[in-house]
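Novice: Fold the following, please.
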Amino acid sequence: MTLFPVMSGVAASGAPFVLSRLRRQDLPQIVEAFHNLELTTYLRGFGFSASEVEQAEWLEANLRDTPTQVMFGIYNAAETLIGSVVLRDIDHRSGTAELGVAVYDSALWGQGYGSGATRLICQYGTFHLGLFNIMLKVFAFNERAIRAYQKVGFREIGRRSGAVRLGQERFDEVYMELLTEPLDLSGLRDQIRQLG
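Specialist: Residues are numbered from 1 along each chain as shown. Below is the predicted model:
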């Protein structure tokens, strides 16, 4: 089964990637990824390690969009799933949504896949969904993610002090937003023209 890319990009490392619909055949990579306690901690799992049955249910639920959510897999040039990106809690009337992104393989962290996929999904949300404001929440200890979001144009709008406890330490939950009006959509428009 081949990919049907929706958008393509290049990571900061120079590696090409695409956003495409998730596939059932991606289940083994998803199961493996969600046994990484560092990843699940960043994703609010706090030590949770999902079973194959739970991950299969999650995958089935995310194979199709709903009026309030759109999700894509992040795939490398070999068409291997390396992460996912989602716009959820989409409010079409107000033009708002919340962003979530995860690069599953920790060996690929810091190479620009997360910021590249974030940029593309924000362009998609602006161009196709008419979004004006995209928000996200991130733990203060996840400094790499905060820097990646800032590269895309997100800015901090507030913090919930000590909202996260890991062991005996407390960390802030950081709220960030991107106003989509200044986004450069020319690259996405070019990709759409090439399809025509």
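Novice: where does the chain have low pLDDT?
Specialist: When residues are selected by pLDDT under 70, those of the chain lie in 1-2, 40, 42-48, 182, 195-196.
Novice: Can you show me the helices along it?
Specialist: 27-33, 37-42, 52-62, 113-129, 143-152, 186-195 (DSSP state H).
Novice: Of all those helices, which one comes closest to residue 106?
Specialist: Nearest of the helices of the chain to residue 106, taken as Cβ to Cβ: helix 37-42 at 6.5 Å. Bear in mind the C-beta positions are built from the backbone N, C-alpha and C, glycine included.
Novice: tally of neighbours for residue 29?
Specialist: By the criterion of other Cβ atoms under 10 Å, residue 29 has 17 neighbours.
Novice: got it, and residue 175?
Specialist: Around residue 175 there are 15 residues (other Cβ under 10 Å).
Novice: Not counting sequence-adjacent ones, nearest residue to residue 158?
Specialist: Excluding its sequence neighbours, the residue lying closest to residue 158 (Cβ to Cβ, 6 or more residues apart in numbering) is residue 175, at 4.6 Å.
Novice: returning to what we had before: any chance of the helices of the chain in a markdown table, plus distance to residue 84?
Specialist: Listed next are the helices of the chain as a markdown table, based on distance: least, Cβ to Cβ, whole Å:
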| stretch | distance to residue 84 |
| --- | --- |
| helix 27-33 | 8 |
| helix 37-42 | 11 |
| helix 52-62 | 8 |
| helix 113-129 | 8 |
| helix 143-152 | 14 |
| helix 186-195 | 19 |
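Novice: Pick the most buried one from those.
Specialist: helix 113-129 (a mean of 23; mean count of other Cβ atoms under 10 Å).
Novice: helices or strands next to it in the packing?
Specialist: Helices and strands touching helix 113-129, as assessed by 3 or more Cβ pairs under 8 Å, 6 or more residues apart in numbering; DSSP states H and E, comprise strand 5-10, strand 16-20, strand 69-76, strand 81-91, strand 96-103, helix 143-152, helix 186-195.
Novice: need the contact list for the closest residue to residue 29 other than its chain neighbours.
Specialist: Closest residue to residue 29 apart from its sequence neighbours, by Cβ to Cβ, 6+ apart: residue 81 at 4.6 Å. Taking Cβ atoms under 8 Å, 6 or more residues apart in numbering as the contact definition, residue 81 lies against 22, 23, 26, 29, 30, 73, 74, 75, 104.
Novice: Thanks a lot, catch you later.
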